[in-house]
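>>> here is a sequence together with a model predicted from it:
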Amino acid sequence: MERKRFEHRDGGALTTQTFDVRSSPGQELVVYHADSGSPSSEALTLLGTLAATRRG
């Protein structure tokens, strides 16, 4: 498991965890999770709303 932190232009600071998929070399599962009420939770909610709006 590896943690990665990045700055999203719309959502702000986000931290992800990646897991290697052992049966499929080169593939990773990326999990986005945030504690309820945290700044990260608010950022993920914002990104979900923006993505839905942009899809039309």
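On my side now, so go ahead.
>>> centroid-nearest residue for this protein?
The chain has Y32 as the residue nearest its centroid, 3.8 Å off, counting by C-alpha atoms, centre = their mean.
>>> T15 versus the residue located most distally from the centre of the chain, what's the distance?
Distance from the C-alpha centroid of the chain peaks at S23, with 23.0 Å (C-alpha atoms, centre = their mean). Distance of S23 to T15, computed by C-beta to C-beta, to the nearest Å: 26 Å. The way it works is simple: take the backbone N, C-alpha and C, and place the C-beta from them, glycine included.
>>> helices and strands around the host helix or strand of L44, which ones?
Assigned by DSSP states H and E, L44 belongs to helix 39-55. Of the remaining helices and strands, those touching helix 39-55 by 3 or more C-beta pairs under 8 Å, 6 or more residues apart in numbering; DSSP states H and E are strand 12-20.
>>> residues in contact with the helix or strand that comes right after the strand it packs on?
Proceeding C-terminally, strand 12-20 gives way to strand 28-31 as the next helix or strand, assigned by DSSP H and E. Strand 28-31 is contacted from outside by T16, Q17, T18, F19, D20, V21, using C-beta atoms under 8 Å, 6 or more residues apart in numbering.
>>> can you do 10 Å?
Residues outside strand 28-31 that contact it (C-beta atoms under 10 Å, 6 or more residues apart in numbering) are M1, E2, K4, T16, Q17, T18, F19, D20, V21.
>>> residues contacting the last one?
In other words, V21. Q27, E28, L29.
>>> dig out what the second one forms beta bridges with.
In this case it means E28. D20 (DSSP bridges).
>>> that one and Q17, how far apart?
10 Å.
>>> what's the overlap in contacts for these two?
Taking C-beta under 10 Å, 6+ apart as the criterion, E28 and Q17 both touch E2.
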